[in-house]
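Chemist: I would like to see how this sequence folds:
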Amino acid sequence: MKVAIWGSYNYGNYGDDIMAIQFAKYFKSINVRPVVYRLNKQLAKRYQIQTTDSLNELFDDAEFCIIGGGGFLVENFSAPFEEDFRRLKIVSSEKNCPVYPISIGGEGLGKNTSLSYWRQQFFQGETCKSSSVRLPSDRALIHHFGKEVNYYPDVLLSVSEFWQIPSKIKYNNIINVGINIPNTIQCKWLAFQLSVIASIRRDIVFHFIKTYLPSSPINTELRPKQLSSNIKYHVYTDPKLTLEFLASLDLVVSYKLHLGLTALALGVPFYSLGGSGKAKAFLNSIGADFAVWNPGDKRFKVAAFLSNPQNIIQAKNRFNFTIIDKFAVESRGHLELLNKLVKNVSSSFR
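Modeler: Prediction:
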């Protein structure tokens, strides 16, 4: 049985890639042949996953298609993404292939969300079937389009179990902080402040993080001007390697949702710095509003917080990991839903 996996996988982005690969690995575990749309060729080869850049080839002979995660219910949507949905709507209709959006999400606005034209056309269309969403508020939006919907916490909250990432044991008193910030003037000032802190406090190491593959054309994240024993640079090349790296940290500060969310899933606290609405909505859902820093905090507040080792060490205690662990278990619902879809299709062959 062939199943198509569609998503924004052509940018070499950590959060999107790990969702595509996790869904594909799950399908393979239940003897289904997944084909992923526009996954990086090297990652596809490494994980033995079939990929294609052709939408027609993706849908040919597919029993059904899933949208494999993503923030497709957010309001601000760029032209390339809108064009992708136009093509998805047209080709899925031509091929008469059902599409099931899985673990998609918005910004907590629910039915008040204003979606772009082609997304509305897709979600209202005949080929779009039932969905699973990662925020409770997103259910009202999908219901608004007349479709069935299930809520489960974000599928990537299960990364520790799914990818078998062990907890790291600390062998010294060095504090490791992951920093993922955009390449803006304010963030450059923050990076300078962190370099000063690193030169004074030899017990703190700041790891700047690039969440795009080296081959990606996107270069919006800040890279430190100079590296040292206390200023390091992690470049995403493989989901598992980045997961193992995240597990070694004491704190992650990021403006990206899934870098921080997967860190939390590994037991590492996550603070969102000037992040998107979907990052704020997720942190709100786990009772961690305190972990949202506003863009203006980049100037002084963040550096002051990170200059004190006790703030970093105690950050984990502020999070309710009982809720996070509970969400991790419940997040398996997305994969269980896929299993039911496969069984329903298989039973129709008998």
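Chemist: Tell me where the model's unsure across the protein.
Modeler: Along the chain, segments meeting pLDDT under 70 span 298, 348-350.
Chemist: let's see 90
Modeler: 76-77, 166-173, 274-276, 294-300, 345-350 (pLDDT under 90).
Chemist: Which residue ranges of it form strands?
Modeler: For the chain, the strands defined by DSSP state E occupy 2-6, 33-37, 50-52, 64-70, 99-104, 131-133, 149-151, 175-180, 204-210, 231-235, 251-254, 270-273, 292-293.
Chemist: Which strands or helices does the fifth one pack on?
Modeler: Spelled out, that is strand 99-104. Secondary-structure packing of strand 99-104 (3 or more C-beta pairs under 8 Å, 6 or more residues apart in numbering; DSSP states H and E): strand 64-70, strand 131-133, helix 333-349. Any C-beta I mention is one placed from the backbone N, CA and C, and that applies to glycine too.
Chemist: could those be laid out in TSV, adding mean neighbour count?
Modeler: Shown next, in TSV, are the helices and strands packed on strand 99-104 (neighbours: other C-beta atoms under 10 Å):
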stretch	mean neighbour count
strand 64-70	26
strand 131-133	26
helix 333-349	15
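Chemist: List the residues that contact the closest residue to residue 204 other than its chain neighbours.
Modeler: In space, and not counting its chain neighbours, residue 204 is closest to residue 175: 4.9 Å by C-beta to C-beta, 6 or more residues apart in numbering. Residue 175 sits next to 203-205, 250-251, 309, 312-313 when contact means C-beta atoms under 8 Å, 6 or more residues apart in numbering.
Chemist: rerun that using 7 Å as the cut-off
Modeler: Residue 175 sits next to 203-204, 250, 309, 312-313 when contact means C-beta atoms under 7 Å, 6 or more residues apart in numbering.
Chemist: Just the buried ones among those, please.
Modeler: 204, 250, 309, 312 (16 or more other C-beta atoms under 10 Å).
Chemist: Show me the domain layout of this structure.
Modeler: 2-152+332-349, 162-327 (automatic domain parsing).
Chemist: First-to-last residue distance for the shortest one?
Modeler: The distance separating the two terminal residues of domain 162-327, taken as C-alpha to C-alpha, to the nearest Å, comes to 14 Å.
Chemist: Centre of the chain to that domain, how far?
Modeler: 14 Å (C-alpha atoms, centre = their mean, to the nearest Å).
Chemist: Give me the neighbour count for residue 268.
Modeler: 23 (other C-beta atoms under 10 Å).
Chemist: Just give the closest residue to it, not the sequence neighbours.
Modeler: Per C-beta to C-beta, 6+ apart, closest to residue 268 is residue 249, 5.2 Å.
Chemist: Noted, bye for now.
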